[in-house]
Structures are given as C-alpha cells and as structure tokens.
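K.L.:
Okay, predicted coordinates and the sequence, questions at the end:
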Amino acid sequence: MPAQPSPVRIRLSDDKKTLHVSWSDGLDCQYPLSLLRKKCPCATCTTEAKAKGPFYIPLFTADAMALKEINPQGNYAVQFVWHDGHHTGIYDYAYLRGLCPESPETSEA
Ligand SMILES: [Zn+2]
C-alpha cells in the first residue's frame with residue numbers, strides 16, 4: 001500500500017474562497033471553501049446531515065465559509081477554524097485528499 005500523501009503547501013487564494021493544497025506526490029488541488037465546509041467531518045455536522053436526509057442542502061452564511069485558521073494536527077490531519085466559530089472539523093489527509101476536485105481518485109463531483 002502506498003504511503004498516504006500529505007500536504008506540502010496549503011495556501012488560501014487571494015479572494016479567500018479557494019484553498020490550494022499541494023500534495024507530497026505532486027498533485028495540486030483547489031478546494032472551494034464552500035465544499036470544505038459542506039463536507040465538515042465533525043460529529044455535529046455529520047449528525048445533522050444524516051438526520052435531514054440525502055437531499056438536505058445546508059445554508060451557510062459568508063462567515064461560515066470563510067476560513068479563520070488552519071491548524072495542522074500532528075502529521076495526519078488539519079483542523080479548519082471558520083469565521084462563524086465552528087472549529088470541530090478535523091480533516092485527516094486521506095479524507096481531505098478524497099475531496100480534491102482535481103484528484104483522479106475522486107468519484108463524487
Ligand atoms: Zn462541523
């Protein structure tokens with residue numbers, strides 16, 4: 001099994017709406033922040049999404065989709081802190097990689 005790629009560079013775009021992540025295996029990913037927030041893996045968000053069903057479309061304020069801080073968690077994950085105060089989402093590298101719009105491994109649009 002190949003080693004899990006890790007981010008070597010994480011940068012917010014100038015308009016602060018896209019997160020650019022360069023991975024150790026050379027893949028460059030551009031994540032819309034709205035996507036990252038929608039896919040927040042924390043218990044609160046996943047429980048809410050499950051309770052509302054597959055057709056639930058959460059509404060987020062601009063603050064909820066603006067990143068305040070990016071905190072690396074050891075060498076396996078990053079924590080995103082959003083402007084609305086939400087900070088419980090820990091995105092491990094495999095999960096983050098799976099969300100990459102540019103990734104050939106990503107099947108979900
Ligand atoms: Zn969350």
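P.N.:
Received the coordinates, thanks.
K.L.:
CA atoms for contacts and neighbours, from now on please.
P.N.:
Fine.
K.L.:
Give me the nearest residue to Lys16, chain neighbours excluded.
P.N.:
Ala66 (7.2 Å; Cα to Cα, 6 or more residues apart in numbering).
K.L.:
and the one you found, what does it touch?
P.N.:
16-17, 33, 82-83 (Cα atoms under 8 Å, 6 or more residues apart in numbering).
K.L.:
where does it land on pLDDT?
P.N.:
You'll see Ala66 listed with a pLDDT of 95.
K.L.:
which residues does Pro72 bridge with?
P.N.:
Legend: beta-bridge partners of Pro72 under DSSP bridges are Val78.
K.L.:
My guess is it contacts Gly89. True?
P.N.:
No - here Pro72 does not reach Gly89: they are 11.9 Å apart, not a contact under Cα atoms under 8 Å.
K.L.:
more crowded one of these two?
P.N.:
With neighbours defined as other Cα atoms under 10 Å, Pro72 and Gly89 compare such that Gly89 has more, 20 against 14.
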